[in-house]
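Undergrad: take a look and give me a structure for this.
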Amino acid sequence: MTEMVVPGTYIDVRAEGLISAGRVATGIVGVVGTAANGPIGVPITLSGLTDARARFGLSDDFDRPEDGANPLTLFRALEHTYSNGAASVVAVRVAGSSQSSATFAVPDEDGLTVAVLTAKTPGTWANNIRIHVDPAEDPARVEDETHTDDFDELDYAPIRPSPENRIRITRGATRRTETPDIVYRRVVRDEEVVRRNNRFFLASVDANTPVVEVPDVNLIRVLDADGEVVREYGDGDILYGAGGAPGAGEVRVDTSTGELTFEASEVPSGTETVVATYALDHPDPESGQVLVTVWEGSLDFAEDEAPQEAEGDTLVASYLIEADACVQVTLTYGPVIERYTVPDGNLLASQINRSSALVSAEADETSGDNRPQTGINAYFGTGVNVPGSNGAEAGRDEYTLGLEALADRLINIVVLAGQEAGTMGSALLGHLNATEQTDYERIGVIGAPGETTADFLGHTMADDRVILVAPGLRDPSGTILPPAYTAAAVAGLISSVPVQTSLTNKPLNVPGLATRFNRGEQGQLIRRNVLAVVERDGFRVLKGITTEGEGAPFSAVPTRRIVDYAKYGIRSAANPYLGRLNNVRVRAALQSTLDAFLTRMVEDEALTGYELQVTATRAQEIAGEVSVVMTLQPTFSIEFIRVIMNLS
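TA: Next up, the predicted model:
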């Protein structure tokens, strides 16, 4: 941007001169393993070990695994990774074909399934979900029930009149939204009947709100002085309107005045009380009103105001359902408690799928309209229900898929939890080679094969991106863990130190070692490119080496990490230049930015020196490409590492 400072004097500020290289991540650890909980094949960035425990569950007993043969690996590896300084960890759960999610089929009173609840993720964790079904104490709430036809009735009843109830109509032709006032044909519940001169009257009845004949609702009870029922009049016992005197066991109701007439021998005495539940009518709705009949959910609109299917109108209703028509379903898992008040399996499935952190639900197509049976107190996976299983037998194919989930993520160090080079080395190496080709370079840390020194020395790994770790660990209980868990600890250590820091003689936080190497064995392990951990003033790394081979350019772990760091930094610094002019001026600015980044590496003692060239041929200029050639001299290395990068 050109700006005039004083007349005739201008300053032209080019944005390229303001670009600097940002910081580059060096310690992000990716861990792949089996667990009792959590989504499968999904990379999850963890905030710490507590978060890992909540997401993946604890490990089972290594010597007595839950499936009888295959201990869970992920959380056990994460414990060792975090205890050695890891701060940024991305974890992926994998599972074998035996995986299953715990289920519970919720029955109705006849034993028919109204909905099947299924744990959100496979694993034994969900076998500890407990379900209770009890009579509801509060009304259920229906949210945003939508109708595009059949506008004359809501899906559920009886409805509780409440200021919370809302009906919204959207007119298809005009897109105008209307919110009519709701009035009710309602039910008066357990009202004490008024006695006047030995005559009995329903208190809420008048000429505008007469009694409605609803056999399933209307009920009149005569109570003694202790509140015990003396007589009860219900369906078939209540006579409506004018007519002859009621017979024994009958009562007549004058629907317009609310007066009750009993058979002469059944007239309540002075010590008796009459209590009534009855349906009450309401005048026809006025303009801007909708009349809701609470006992059946029907809707009546003012003249010419009803929604029309042919016009594309939509009705959306939110309302309360009376508690006595509902049940309360409670799911408990540890400190997590979820409660759902519902009238049937359909609404149970809808509410669970909207908000549950534990399970999903599917209503039964045939019996989903039925109310769940009360009195249920059980665990998921019991009886005829499917128990959860971890799939702890995950093998090469599953771990390979777990690695693929990390392929396009910024990961610096990758660990296959609980796995050793003999069975998983080639899968790890394939992943490292593939990610190097896509500019997601990383190193892999894996346990040496077997249990003895001879086994460790017999490995076949030879690559500058693979670190092979031995021996295994011994925990305080005496349990022997394979070298894979020592590898997880080493990965945590690597992630906690700058790229130029040598691992040699660095302390490792582990409970104990399964094998103690003598001096001769230590020498053999170094010559066979095994990163050995030894007991010396605690537990320490003998020598920080890759499996590339002694004397090779990347045999030292810091050299490999320094060069990867430089490549990441160059890409990061060059990224803001993409899309700009590819000319001498912009390339000079790019070289200045890269110089600043590499100079910072020298100042941080990651490099002892470097050479840098940023060039482009005419063909590259046209193609929008730049060639960056670096000659790096990493700290602790007598090698000069030449790196050629084509940026476009």
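
Undergrad: for residue 18, give me the pLDDT.
TA: What the model reports for residue 18 is a pLDDT of 46.

Undergrad: how about residue 549?
TA: 86.

Undergrad: strand partners (parallel or antiparallel) of the helix or strand containing residue 632?
TA: Using DSSP states H and E, residue 632 sits in strand 626-634. Strand 626-634 has the following strand partners under DSSP bridges: strand 607-615 (antiparallel), strand 641-647 (antiparallel).

Undergrad: the closest residue to residue 180 other than its chain neighbours: what's it in contact with?
TA: The shortest distance from residue 180 to any non-neighbouring residue, by CB to CB, 6 or more residues apart in numbering, is to residue 290 (4.4 Å). To be clear about C-beta, it is placed using only N, CA and C from the backbone, and glycine gets the same treatment. Shown in contact with residue 290 (CB atoms under 8 Å, 6 or more residues apart in numbering): 167, 180-183, 299-301.

Undergrad: count of residues packed around residue 585?
TA: Residue 585: 12 surrounding residues under other CB atoms under 10 Å.

Undergrad: tell me how far it lies from residue 594.
TA: Look at residue 585 and residue 594: by CB to CB, to the nearest Å, they are 15 Å apart.

Undergrad: next one: residue 206
TA: Counting by CB to CB, the gap from residue 206 to residue 594 is 89 Å.

Undergrad: ditto for residue 81
TA: Distance from residue 81 to residue 594, by CB to CB: 33 Å.

Undergrad: also residue 607?
TA: Per CB to CB, residue 607 is found 13 Å from residue 594.

Undergrad: ranges for the helices of the protein?
TA: Here the chain has its helices, by DSSP state H, at 49-56, 74-82, 345-355, 396-405, 421-437, 453-457, 483-496, 519-527, 557-574, 584-603, 618-623.

Undergrad: let me see the mean pLDDT of the fourth one.
TA: This predicted structure assigns helix 396-405 an average pLDDT of 97.

Undergrad: who's in contact with residue 115?
TA: Contacts here follow CB under 8 Å, 6+ apart; on that basis residue 115 touches 105-106, 345-346, 348-349, 361-364, 368, 372.

Undergrad: between all of these, which two are separated the most?
TA: Greatest spatial distance among the contacts of residue 115 (CB to CB): 105 and 346, at 15.0 Å.

Undergrad: more neighbours: which of those two?
TA: residue 346 (21 against 17).

Undergrad: that one against residue 369, yeah?
TA: Yes. Using CB atoms under 8 Å, residue 346 is in contact with residue 369, at 6.4 Å.

Undergrad: tell me, what's touching the two both at once?
TA: Residues touching both residue 346 and residue 369 (CB under 8 Å, 6+ apart): there are none.

Undergrad: may I see the buried residues of stretch 103-122?
TA: 103-108, 113-122 (16 or more other CB atoms under 10 Å).

Undergrad: my error: substitute stretch 456-469 in the last question.
TA: Quick answer for stretch 456-469 (16+ other CB under 10 Å): 456-457, 459, 461, 463-469.

Undergrad: now the terminal residues of that stretch, how far apart.
TA: Terminal residues of stretch 456-469 are spaced 9 Å apart (CA to CA, to the nearest Å).

Undergrad: same question, stretch 491-503
TA: 11 Å.

Undergrad: what mean pLDDT does that stretch get?
TA: In this model, stretch 491-503 has an average pLDDT of 94.

Undergrad: now do it: distance to the chain's middle.
TA: A distance of 32 Å separates the centroid of the chain from that of stretch 491-503, by CA atoms, centre = their mean, to the nearest Å.

Undergrad: do stretch 288-301 as well
TA: 40 Å.

Undergrad: CA atoms only: put it into PDB for me.
TA: Output in PDB follows, covering the C-alpha atoms of stretch 288-301 (Å, rounded to 0.1, in the frame of the first residue of the first chain):
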ATOM      1  CA  GLY A 288     -56.600 -15.600  17.000                       C
ATOM      2  CA  GLN A 289     -57.300 -18.600  19.300                       C
ATOM      3  CA  VAL A 290     -56.900 -22.400  19.000                       C
ATOM      4  CA  LEU A 291     -59.100 -24.600  21.200                       C
ATOM      5  CA  VAL A 292     -57.200 -27.600  22.600                       C
ATOM      6  CA  THR A 293     -59.200 -30.500  24.000                       C
ATOM      7  CA  VAL A 294     -56.800 -31.800  26.700                       C
ATOM      8  CA  TRP A 295     -58.100 -35.300  27.100                       C
ATOM      9  CA  GLU A 296     -57.700 -36.200  23.400                       C
ATOM     10  CA  GLY A 297     -55.400 -33.600  22.000                       C
ATOM     11  CA  SER A 298     -57.800 -32.300  19.300                       C
ATOM     12  CA  LEU A 299     -57.500 -28.800  17.900                       C
ATOM     13  CA  ASP A 300     -60.300 -26.500  16.800                       C
ATOM     14  CA  PHE A 301     -59.600 -23.200  15.100                       C
END
